[in-house]
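J.: based on what follows, work out the 3D shape:
(chains A and B)
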Amino acid sequence: MATKRTIEVALSTTGLDREGRPQRVPLAVDERGQVTTLAPPPALEPEPELEGEHMLINLGPQHPATHGVLRLVLELDGETVVRCIPHIGYLHCGFEKIGEYRQYNQIIPWTDREDYLNSPGNNIAFALGAERLFGVEITERCTVLRVIALELSRIISHLVWVGTTCIDIGAFTPFLWAFQERENIYNLLEGWVGARLTTSISRVGGMAADIPDGWLDGLRGFLKTFPKTVAEVDKMVTRHGIWVGRTIGLGVMTADEAINYGLSGAMARASGVAWDMRKDFPYLDYETYDFDVPVGVNGDVYDRFLVRMEELRQSVRILEQAVERLPDGPVNVDDPRLILPPKSKATSEMESMIHHFKLVMEGPRPPVGEVYVPVESPKGEKGYYFVSDGTAKPVRWRIRPPSFVNLSAIPKMVEGHLLSDVIAINASIDIVMGEIDR
Amino acid sequence: MSAPFTVVHAGHAAPDAPAPRTARQVPHRGGTPNPSAARLQAKFPQQYVRHEVMWGDTTVYVLPERVQDVVRWLHDDAGEQYDYLVDVTAVEYRDVEQPLEVVWHLRSLPYRRFLRLKAQLPKGTPLRVPSVWPIYQGADWLERECFDMFGISFDGHPDLRRILMWEQYREGYPLRKDFPLRGRFSRAEQLRQALSQNPEAKYSMEELTIADAFEDLPLDMRRRLAGGERTGE
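T.: Numbering: from 1, shown residues only, chains lettered A, B, ... in the order given. So this is what the prediction gives:
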């Protein structure tokens, strides 16, 4: 019985065997000293599948392309995402807990700080919910003013989205154009309420202030120039080869998936869900405005871009109609339970002074009840759910955060795509971490 | 690009319904209840508790044990089609006698309806309800947040863990009424607890670097922090 020993060196120092082939296989020597190879030399085969280890990388929380402090733990096979685990909560401030210790009007500054690109929208959404809870009907002028503020804040939010997404994908110029227009809107808001980013523009039962004289002319001027900027961004980006190549077919969600995953707003509409709160569950007389709701058919990043670009144009249409129909009259409701009396009356009339004192010290009290009023924020369906036990502070103040729910679908959207596409898909969700973590 | 895409129109199941309008003069109590409430009562007489209409929205109270069946019927039935889960949250009242409530906000896009579903969990009983995650994928994070903030367990949820607070958070459930606004521990105590953990067992690399940085702090600051001084209050 021949026993075989393995020799781990090649026969010749050149590394070649007798026939001159490269010597790669282990050799064996039988009892008679004959050297034989254990296995025939390997035939030329197609290159085998590379079985490398999966790599785990941490995208964020301090990464400029995650739009805030979002941390994505990605399991990569080569450059393909196999698994995505999002971690959130880095900005958690407990807004809902704080709201349980504040009067209704005192919560409004907190709403500025959740979705800080859409502060007027949050303020007004909050006021709409609280007014339903108080059983108050706002005035005609207030309704139109709110529509103006809502659409301006939608434009701000979409402009930031377009600009930052362009940067994520590699285009710098549209970012500058978008932020320049955003600056114009902030100037308008500053002229209206004095604040730019955190506006606190609404109050329960009215607005923080009426628009100053001549403000509408500034808005009209903006509405004249703004569509040109949109057209420029459109011309620059929409048919650009790199843009198209980096957005089409990414992060696809079908209409059924979008509904089942709870997507709302432009995310759902890009997937072919023709649903807009302004049309289907209207508020602030949105059904009387003439505007279209863009709906995508492919549900990818490119469609989300197209939908948001079209929403910019539609917002301009709504604003033009709102400017035309703005009626005269009071802004705040005539209800001393809710609205502070004028300062001159508070210092001269006994009754007004009592109202003033009680409103400031105790706050208005809604009846016992609960209410959920959703609005179409730029990110999606945003709603405030109030539960009142009849005291001046809510028992529960719940924010329904659209980008929280939209972001929860990101593992479904990125898995199977390349790492560089994660950035594009994440950008397309339009997240604001202040709203997600609250 | 495999499945063909179709456009789904909201309100497609009720084409004859009047165009939606802005709600005005909504009564506090009363008004037309959502027709789904009566159908739900007929379908699940054992589970149904009561319904009420408040500020125009219908709330149906159901027993918590079979919430998943109720929601599945609402989702699947051709006459209801509540295909969109708006929100999952909970309410705890200031009155300690009142039960904790789990709230599901459901929307039927085909019929343009909105329904609030509530299940009451009396104090002293285990806070458990069935998860609706098998029906709505979007319930994943909403239920995790509800668990994180209220400590309500959702049976059947695939990955029920804290979402906004970190996983080693030991102070309890922040939105419960017995949780003080400032938290249970002082900030110094929180820092000390974080630093006294076995970091390699629980912490990721970036958190380890934060713990190392404690040693680099000036001596007086380290002494103050270690002494449990209350900061930032």
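J.: for stretch B:91-98, buried residues please.
T.: B:91, B:92 (16 or more other CB atoms under 10 Å in any protein chain shown). Just so you know, the C-beta spots here come from the backbone N, C-alpha and C atoms, and that holds for glycine as well.
J.: the nearest residue in space to residue B:10 that is not next to it in sequence: what's it in contact with?
T.: Nearest non-adjacent residue to residue B:10, counting by CB to CB, 6 or more residues apart in numbering or on different chains: residue A:275, 4.0 Å away. Listed by CB atoms under 8 Å, 6 or more residues apart in numbering or on different chains, the contact set of residue A:275 reads A:264, A:268, A:269, B:8, B:9, B:10, B:109.
J.: touching, residue A:423 and residue A:167? I think so.
T.: No - between residue A:423 and residue A:167 there is no contact under CB atoms under 8 Å: 10.2 Å.
J.: so which of the contacts of residue A:275 sit within helices?
T.: When DSSP state H defines the helices, the subset of those inside them is A:268, A:269.
J.: widest-spaced pair of the contacts of residue A:275?
T.: Maximum pairwise distance among the contacts of residue A:275 (CB to CB): 15.4 Å, between A:264 and B:9.
J.: which of the two has more neighbours?
T.: residue A:264 (30 against 17; other CB atoms under 10 Å in any protein chain shown).
J.: got a list of what that one touches?
T.: Residues counted as contacts of residue A:264 (CB under 8 Å, 6+ apart) are A:275, A:379, A:380, A:381, A:402, A:405, A:406.
J.: helices - which of the residues you listed land there?
T.: Per DSSP H, the subset of the contacts of residue A:264 in helices is A:402, A:405, A:406.
J.: format those residues as CSV; extra columns: neighbour count and distance to chain B.
T.: Converted to CSV, the ones in helices among the contacts of residue A:264 look like this (neighbours: other CB atoms under 10 Å in any protein chain shown; distance: CB to the nearest CB, whole Å):
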residue, neighbour count, distance to chain B
A:402, 31, 10
A:405, 27, 6
A:406, 28, 9
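J.: can you give me the strands for the stretch 51-200 of chain A?
T.: If DSSP state E, counting those that start in this stretch is used as the criterion, the strands of the stretch 51-200 of chain A fall at A:55-59, A:71-77, A:80-87.
J.: which residues touch the first one?
T.: Which is strand A:55-59. Residues contacting strand A:55-59 (CB under 8 Å, 6+ apart): A:66, A:71, A:72, A:73, A:74, A:75, A:76, A:419, A:422, B:204, B:206.
J.: what number of residues lie near the third one?
T.: Which is residue A:72. Count around residue A:72 with other CB under 10 Å applied: 23.
J.: nearest spatial neighbour of it, skipping sequence neighbours?
T.: Nearest to residue A:72 is residue A:59, by CB to CB, 6+ apart, at 4.2 Å.
J.: now do residue A:77
T.: Closest to residue A:77 by CB to CB, 6+ apart is residue A:54, at 5.4 Å.
J.: likewise residue B:72?
T.: residue B:135 (5.5 Å).
J.: could you pull up the contacting residues of the one you found?
T.: B:68, B:71, B:72, B:75, B:85 are the contacts of residue B:135 under CB under 8 Å, 6+ apart.
J.: so the residue of chain A found nearest chain B, which state does it fall into?
T.: Of all residues in chain A, the one sitting closest to chain B is residue A:262 (2.5 Å; CB to the nearest CB). With DSSP: H, G, I helix; E, B strand; the rest coil as the basis, residue A:262 sits in coil.
J.: quick check: phi and psi at it.
T.: For residue A:262, the backbone dihedrals (degrees, to the nearest 10) come out as phi 80, psi 20.
J.: can you check the pLDDT for the residue nearest to residue B:72?
T.: Listed pLDDT for residue B:135 reads 91.
J.: just the element for it, please.
T.: Using DSSP states H and E, residue B:135 is not contained in any helix or strand.
J.: any stretches of chain B with poor pLDDT?
T.: Judged by pLDDT under 70, chain B has its weakly predicted residues at B:1-5, B:194, B:196-214, B:221, B:224-233.
J.: center of it, which residue is that?
T.: Of all residues in chain B, the one closest to the mean position by CA atoms, centre = their mean is residue B:89, 2.9 Å from it.
J.: now do the contacts for residue 185.
T.: Just so you know, I chose chain A. Residue A:185 neighbours (CB under 8 Å, 6+ apart): A:152, A:155, A:156, A:222.
J.: meant chain B, my bad for not saying
T.: So residue B:185 contacts B:171, B:193 (CB under 8 Å, 6+ apart).
J.: quick one: it is in a strand?
T.: No - counting by three-state DSSP, one finds residue B:185 to be coil, located in no strand.
J.: could you say what helices and strands the helix or strand where residue A:226 lies packs with?
T.: Using DSSP H and E, the element containing residue A:226 is helix A:215-233. Judged by 3 or more CB pairs under 8 Å, 6 or more residues apart in numbering or on different chains; DSSP states H and E, helix A:215-233 is in contact with helix A:140-169, helix A:173-193, helix A:301-325.
J.: tell me what the helix or strand just after that helix is packed against?
T.: Counting by DSSP H and E, the next helix or strand C-terminal to helix A:215-233 is helix A:241-247. Helices and strands touching helix A:241-247, by 3+ CB pairs under 8 Å, 6+ apart, are helix A:140-169, helix A:301-325, helix A:419-429.
J.: quick one: contacts for residue 131?
T.: All of this refers to chain A. A:137, A:138, A:204, A:205 are the contacts of residue A:131 under CB under 8 Å, 6+ apart.
J.: meant chain B, my bad for not saying
T.: By CB under 8 Å, 6+ apart, the residues touching residue B:131 are B:68, B:139, B:143, B:154, B:155, B:156, B:157, B:160.
J.: please redo it, this time with the cut-off set to 7 Å
T.: Residue B:131 makes contact with B:139, B:143, B:154, B:155, B:156, B:157, according to CB atoms under 7 Å, 6 or more residues apart in numbering or on different chains.
J.: let's have the contacts of residue B:135 in a markdown table, adding distance to residue A:370 and neighbour count.
T.: Shown next, in a markdown table, are those (distance: CB to CB, whole Å; neighbours: other CB atoms under 10 Å in any protein chain shown):
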| residue | distance to residue A:370 | neighbour count |
| --- | --- | --- |
| B:68 | 23 | 19 |
| B:71 | 20 | 23 |
| B:72 | 25 | 16 |
| B:75 | 23 | 19 |
| B:85 | 18 | 26 |
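J.: just to revisit the earlier point, report the buried members of the contacts of residue B:131.
T.: Here, 16+ other CB under 10 Å leaves B:139, B:143, B:154, B:157 buried among the contacts of residue B:131.
J.: among these, which are in helices?
T.: Counting by DSSP H, the buried ones among the contacts of residue B:131 contribute B:139, B:143 to helices.
J.: and the buried ones among the contacts of residue B:131, which is closest to chain A?
T.: So of these, ranked by how close each gets to chain A (CB to the nearest CB), first place is residue B:139, at 7.7 Å.
J.: the residue nearest to residue A:72: neighbouring residues, count only.
T.: Residues near residue A:59, counting by other CB under 10 Å: 19.
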